[in-house]
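> Sequence unavailable; structure follows:
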């Protein structure tokens, strides 16, 4: 029986070539295992389904945090606002329908704002092998999401930010784009990560404790003139040799 999916938009598929390269390197080459996933902002589940179909094993724990209420404060969202007025649960229902095709994954839906849900998950001691941040387009919200993601991402795990290249054409305030929040996070936590790729999205590898300690020892003896991570305002880089 063929699987049936319901998507209003496809804001994800253009990322698949890079994700294919990344996870092939991470899982098939470097033999990392993804047992626990956290997705912050899932919309209708396009990325969730991609992961389930291509990279997750049976029994993977997959936590999802989303309001399923869209956003009325960003440009280009009026069509979704109108649809939500007609049916306030259409995004949620589409998501549940789409992930229902993958019962082999243990889905855990946390419906609400991330600033409430993430501290609860952190307080429960949750830890993840892969975290994807694709929620609010506000810089301060994005930084808060990233802060908790860092706390809950295992060493050797992957963190991907969506919308680093997104800009609100109707509001150029620094907080109306995730970019500043992402850049601030990368600057603050640069010692803990390797930059995997850069473009519209940002991909990071979190060093294991040993990798972190070895790098700190190198910086101690070589000096702080050696950057811990390639700056994200430079040219995009590929996925060669950046994993532990």
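Nice, I can see it. In this text the structure is predicted, and so the values were computed from the model without any measurement. Numbers count the residues shown, from 1 in each chain.
> Just the residues contacting the host helix or strand of residue 141, thanks.
Using DSSP states H and E, residue 141 sits within helix 139-152. With CB atoms under 8 Å, 6 or more residues apart in numbering as the test, helix 139-152 has contacts from 38, 40, 114-115, 118-119, 121-122, 126-128, 131, 133, 135-136, 159, 161, 174-182, 184-185, 189, 192, 206. C-beta: built from backbone N, CA, C; applies to glycine.
> Which ones among these lie within helices?
Judged by DSSP state H, the subset of the contacts of helix 139-152 located in helices is 114-115, 118-119, 121-122, 178-182, 184-185.
> By neighbours, which of those residues wins?
Taking other CB atoms under 10 Å as the neighbour criterion, residue 178 ranks highest of the ones in helices among the contacts of helix 139-152 with 30 neighbours.
> in the chain, what spans have low per-residue confidence?
For the chain, the stretches with pLDDT under 70 are 1-2, 70-82, 84-87, 221-244.
> Spell out, range by range, the strands that occur in it.
Assigned by DSSP state E, the strands in the chain fall at 36-40, 61-66, 106-111, 128-133, 153-161, 193-198, 202-206.
> tell me what the first one is packed against?
Contact partners of strand 36-40 among helices and strands, from 3 or more CB pairs under 8 Å, 6 or more residues apart in numbering; DSSP states H and E: helix 46-54, strand 61-66, helix 114-123, strand 128-133, helix 139-152.
> and the angle for it with strand 106-111?
Angle of strand 36-40 versus strand 106-111, following axes from the mean of the first three to the mean of the last three CA atoms, to 10 degrees, is 30 degrees.
> Strand 36-40: how far from the chain's middle?
From the chain centre to the centre of strand 36-40 is a distance of 8 Å (CA atoms, centre = their mean, to the nearest Å).
> ok, it: who's next to it in the sheet?
Taking DSSP bridges as the criterion, strand 36-40 forms sheet pairs with strand 61-66 (parallel), strand 128-133 (parallel).
> And for the last one, what's in contact with it?
The set of residues that contact strand 128-133 without belonging to it, under CB under 8 Å, 6+ apart, is 32-41, 47, 51, 63, 142, 145-146, 149, 152-154, 156-162.
> Could you pull up the residues touching residue 56?
By CB under 8 Å, 6+ apart, the neighbours of residue 56 are 34, 37, 62, 104-105.
> Among the residues you listed, the buried ones, what's the ChimeraX command?
Isolation of the buried members of the contacts of residue 56 (16 or more other CB atoms under 10 Å) is achieved in ChimeraX through the command below:
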select :34,37,62,105
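> Pairing-wise in the sheet, spell out the partners of the residue positioned nearest the centre of the chain.
For the chain, the residue nearest the mean C-alpha position is residue 132 (1.6 Å; CA atoms, centre = their mean). Beta-bridge partners for residue 132, by DSSP bridges, are residue 39, residue 160.
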